[in-house]
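**Q** give me a model of this one.
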Amino acid sequence: MEVVARVDAYQRRHRWVGFPLAVVYKFFDDQGSYLAALLAYYAFVSLFPLLLILVAVLGTLLSGDPGLRQHVLDSALAEFPVIGDQLGHSVHPLHGSGLALAAGVIGTLYGALNVGQAAQYALNKIWAVPRHARPDPLRSRLKGLAFLVILGTGLCVTTLLSSAVAAATVFGTRPAAGARVAAVAGAVVLNTGLIVLSQRVLTQRELPVRRLARAALGGACAWQLVQWGGSYYVSHVLRGATATYGMFGIVLGLLAWLYLGALIFLSTAEVSAVRVGRMWPRSLLTPFTDRVRLSPGDRRAYQSYATTEAFKGFEKIRVRFTRPPGPPRPPGR
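**A** All right, here's what the predicted structure looks like:
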């Protein structure tokens, strides 16, 4: 126990250890892995319909230039390097009357709004927004629609960046290294802005942009590294394996890709919430036993967890901490 006490004292005094530990503890207190799975599930359900809409819109707007239409679609699917090639062969344009297409678009958008609902639930839980302060079903779906618009706009801009770099290669000129670096930097900056804007739109409380930007930048860099890793995996491991994996590979690859993205998105929110709420340092043993002296960061974290569950505005929740239990008594005493 003396060794544990020394390690605990060290991590409380040093931010570089104590702060990441506090983020990990809050992530598991909030059941972050389950929230990420929920977000990935709804994203998986809605992604194929959204891709159908994308292909239908491209087929209408670029009907006179099939080559350009395919080039733009390939650039959009490049955001999913693990399964983008398979998606490109599996998703085809929608055909039929305008009324049927409009009905399909409305139906798929309604299904896609569940992604916004899942993201709102996760962010409001992470930021300790009481249940009574969260938006009603109508306003929450309007927020979810705004979230989809933000994601769609970001996808369009990143597609333009990818298309600009790829078009130079297509027309016979290799883009300079500076242009490729600028495109990557632009994508990172754009993803940082998307993370910050998404959190501010979906969370039912005022969030300081300055306190969100650092964690969002880290999340954008992590997402870029994941994309590079996925591209390397496709080019060196999955080369020629598309026919073998087929639809099974699409499902597994897409789920894994979306889950990684959800983990990165929620982790950035956890980092910002711990920093803004001053929920560190945490006691080293606090997730494992009640026989522990709580730190101020522990107390603030547990108080926020309790107030999050208030269902009514006139429901007042007060948290009081008593003295922790002592060591167990020896048998026979």
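**Q** which ones are touching Trp127?
**A** 203, 205, 207, 269, 273 (Cβ atoms under 8 Å, 6 or more residues apart in numbering). C-beta: built from backbone N, CA, C; applies to glycine.
**Q** ok, and what's touching stretch 135-151?
**A** 109, 112-117, 119-120, 134, 194, 197-198, 201-202, 204.
**Q** so how do I select the buried members of the contacts of Trp127 in ChimeraX?
**A** This is the ChimeraX syntax for the buried subset of these, where burial follows 16 or more other Cβ atoms under 10 Å:
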select :203,207,269,273
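**Q** would you point out the most distant pair within the contacts of Trp127?
**A** Pairwise distances across these peak at 12.1 Å for Arg205 and Ala269 (criterion: Cβ to Cβ).
**Q** show me where pLDDT drops low in the stretch 201-333 of the chain?
**A** 230-251, 327-333 (pLDDT under 70).
**Q** would you map the strands across it?
**A** For the stretch 201-333 of the chain, no strands are identified by DSSP state E, counting those that start in this stretch.
**Q** circling back to that earlier point, which of the contacts of Trp127 fall within helices?
**A** 269, 273 (DSSP state H).
**Q** how about the contacts of Trp127 in TSV, adding distance to Ile150?
**A** Formatted as TSV, these follow (distance: Cβ to Cβ, whole Å):
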residue	distance to Ile150
Thr203	13
Arg205	18
Leu207	15
Ala269	15
Ala273	20
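**Q** out of the contacts of Trp127, who's nearest Ala37?
**A** Closest to Ala37, out of all of the contacts of Trp127 and judged by Cβ to Cβ, is Ala269, at 15.8 Å.
**Q** now do the closest residue to the closest one other than its chain neighbours, the pLDDT please.
**A** Once flanking residues are discounted, Ala269 sits nearest to Ile126: 4.8 Å by Cβ to Cβ, 6 or more residues apart in numbering. pLDDT recorded at Ile126 is 96.
**Q** surely Ile126 touches Gln31?
**A** No - between Ile126 and Gln31 there is no contact under Cβ atoms under 8 Å: 10.4 Å.
**Q** which one's more surrounded, the two?
**A** Ile126 (26 against 13; other Cβ atoms under 10 Å).
**Q** who's in contact with that one?
**A** So Ile126 contacts 26, 30, 32, 35, 266, 269-270, 273 (Cβ under 8 Å, 6+ apart).
**Q** let me know the closest of the residues you listed to Gly186.
**A** Ala269 (23.5 Å).
**Q** the closest one against Gln120, yeah?
**A** No - taking contacts as Cβ under 8 Å, Ala269 lies outside contact range of Gln120: 11.7 Å.
**Q** measure Val3 to Phe19 for me?
**A** 22 Å (Cβ to Cβ, to the nearest Å).
**Q** neighbour count winner among these two?
**A** Set Val3 next to Phe19 and count neighbours by other Cβ under 10 Å: Phe19 wins out with 19 against 7.
**Q** which pLDDT does the model give that one?
**A** So Phe19 comes in at 96 (pLDDT).
**Q** now it. Its backbone dihedrals?
**A** phi -70, psi -50 (degrees, to the nearest 10).
**Q** near the closest residue to it other than its chain neighbours, how many other residues are there?
**A** Spatial nearest neighbour of Phe19, chain neighbours left out: Trp280 (5.1 Å); criterion: Cβ to Cβ, 6+ apart. Trp280 has 24 neighbours, counted by other Cβ under 10 Å.
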